[in-house]
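1. Sharing a sequence plus its predicted fold:
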Amino acid sequence: MSKLRVKEILKEKGITGRDLSSKLGMTEVGFYKMLSEAGNPPLRRLEEIANLLECEISDLFERSDENVVNCPNCGARLVLRKEE
């Protein structure tokens, strides 16, 4: 399963986990539990995070292969392609 890199993006953008969790209507503890390896955030929540961080959902995941991520829900490998 791909590891989420939300904490890294937060640091890059100078946003705290507390700020983002508040915008998501979550507690900070719940937010970080969701991001942990045991967490399993739903796609809807990942979309909200990506929108708030002004990035693509695919940017939220570490990439093991170029343009390939694993679905956080089912573990399926997804190949990402840029639309022309």
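-> Thanks, I have it. Numbering: from 1, shown residues only.
2. So the closest residue to P42 other than its chain neighbours: helix, strand or coil?
-> Of all residues not flanking P42 in the chain, N73 sits nearest, at 7.3 Å (Cβ to Cβ, 6 or more residues apart in numbering). All C-beta spots, glycine's among them, are computed from the backbone N, C-alpha and C. Put simply, N73 is coil when judged by DSSP: H, G, I helix; E, B strand; the rest coil.
3. start the count at 59, not 1, going forward
-> That works, and once the first residue is 59, the last one we named lands at N131.
4. Give me the pLDDT for N131.
-> Per-residue pLDDT puts N131 at 75.
5. show me what contacts it?
-> By Cβ atoms under 8 Å, 6 or more residues apart in numbering, N131 lies in contact with 98, 100-101.
6. For K61, see how far away the spatially most central residue of the chain is.
-> Nearest to the geometric centre of the chain sits L118, at 3.6 Å (Cα atoms, centre = their mean). From L118 over to K61 the distance is 10 Å, taken as Cβ to Cβ, to the nearest Å.
7. So which residues of the chain form helices?
-> 64-71, 75-81, 86-93, 101-111 (DSSP state H).
8. sorry, back to before: so for L118 and K61, which residues contact both of them?
-> Joint contacts of L118 and K61 (Cβ under 8 Å, 6+ apart) do not exist.
9. okay, now D117: neighbour count?
-> If you count neighbours by other Cβ atoms under 10 Å, D117 ends up with 15.
10. Identify each buried residue in stretch 74-82, please.
-> 75, 78-79 (16 or more other Cβ atoms under 10 Å).
11. What is the least confident helix or strand in this protein?
-> strand 126-128 (a mean of 75; mean pLDDT, DSSP states H and E).
12. Show me what that strand packs onto, helices and strands only.
-> strand 135-137 (3 or more Cβ pairs under 8 Å, 6 or more residues apart in numbering; DSSP states H and E).
13. Direction included, what does the strand it packs on pair up with?
-> Each strand that pairs with strand 135-137, with its direction, by DSSP bridges: strand 126-128 (antiparallel).
14. So what's the gap between the strand it pairs with and the chain middle?
-> 12 Å (Cα atoms, centre = their mean, to the nearest Å).
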